[in-house]
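Peer 1: model this:
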Amino acid sequence: MANTQSATDLFIQHFDFWPKLSAEEKQLLSENTKIVNYSKGDHVHQGPLDCIGVVFIKSGQLRVYTLSEDGREVTLYRLFADDVGILTASCALEYLTFDVYIDAEEDTEVLLTEVAAFRRLAEANTDVRCYAYQLATQRLSEMLWKMQQVLFLSADRRLAIFLLEETEKNGGDEVHLTHEQIARYMGTAREVVSRLVKYFNQEGWIKNSRGCITIIKRDSLQELAGNQVDM
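Peer 2: Got it, this is the predicted structure:
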């Protein structure tokens, strides 16, 4: 079981339904939540084979992705510190089935609420159930947005969008990722990213160095991205 006070503090901050739980339900949640550590590269959730429970990310980063029939990965979204992962408990929610895979992109520490306990809470408490479906709907929206990009937007627009969104998250002008990582997040080939980075660099929109891309002309990238950037 996770440190009770530490877990409770995080529940209060991030679970909207916490004040509406009974004393027994709060105890059930606390007693069935534990700290789990994943090393970079670990498989956290393996599609239909897994249903581990709800994860709250304390530190690190998780990547949620899907696999094509030929084994190509398409990153759907990423989870960072203070995010909640609900699709790892999809089996606890009726009519919610998503065959997604989740890997640790960094050494990651999470609070894991076991699926059996969360299922009991969701079945007995409408506030918990509404929270779970609302969060799942938000994640589904992110997944559809990503698939729309992959299917309908050109690679140069997608890269512009990616760079703008990454710097918005980081609060600066630098993206500290390799071309291989960017390709995986975009759902394309490394060669495509390398070619586009070279083009953006030649246009003077970015400055590229080993493992780092710095945005020089944000307005130019925004013009290329159009109104597709989710800021």
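
Peer 1: For the lengthiest helix in the chain, name the packing helices and strands.
Peer 2: For the chain, the longest helix by residue count, based on DSSP state H, is helix 126-152. Here helix 126-152 touches strand 73-79, helix 115-124, helix 155-170, going by 3 or more C-beta pairs under 8 Å, 6 or more residues apart in numbering; DSSP states H and E. From N, CA and C alone the C-beta is placed, and that goes for glycine too.

Peer 1: what residue ranges in the chain score low on pLDDT?
Peer 2: Per-residue confidence for the chain (pLDDT under 70) gives these ranges: 1-6, 48-49, 95-98, 227-231.

Peer 1: Tell me which stretches of it form strands.
Peer 2: For the chain, applying DSSP state E gives strands covering 33-38, 43-46, 53-59, 62-67, 73-79, 84-85, 101-104, 108-114, 174-175, 206-209, 212-215.

Peer 1: Export these as JSON lines, with columns for mean neighbour count and distance to Ser154.
Peer 2: Listed next are the strands of the chain as JSON lines, based on neighbours: other C-beta atoms under 10 Å; distance: least, C-beta to C-beta, whole Å:
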{"stretch": "strand 33-38", "mean neighbour count": "17", "distance to Ser154": "35"}
{"stretch": "strand 43-46", "mean neighbour count": "17", "distance to Ser154": "31"}
{"stretch": "strand 53-59", "mean neighbour count": "21", "distance to Ser154": "32"}
{"stretch": "strand 62-67", "mean neighbour count": "20", "distance to Ser154": "21"}
{"stretch": "strand 73-79", "mean neighbour count": "20", "distance to Ser154": "16"}
{"stretch": "strand 84-85", "mean neighbour count": "22", "distance to Ser154": "31"}
{"stretch": "strand 101-104", "mean neighbour count": "21", "distance to Ser154": "27"}
{"stretch": "strand 108-114", "mean neighbour count": "22", "distance to Ser154": "33"}
{"stretch": "strand 174-175", "mean neighbour count": "19", "distance to Ser154": "19"}
{"stretch": "strand 206-209", "mean neighbour count": "16", "distance to Ser154": "17"}
{"stretch": "strand 212-215", "mean neighbour count": "18", "distance to Ser154": "19"}
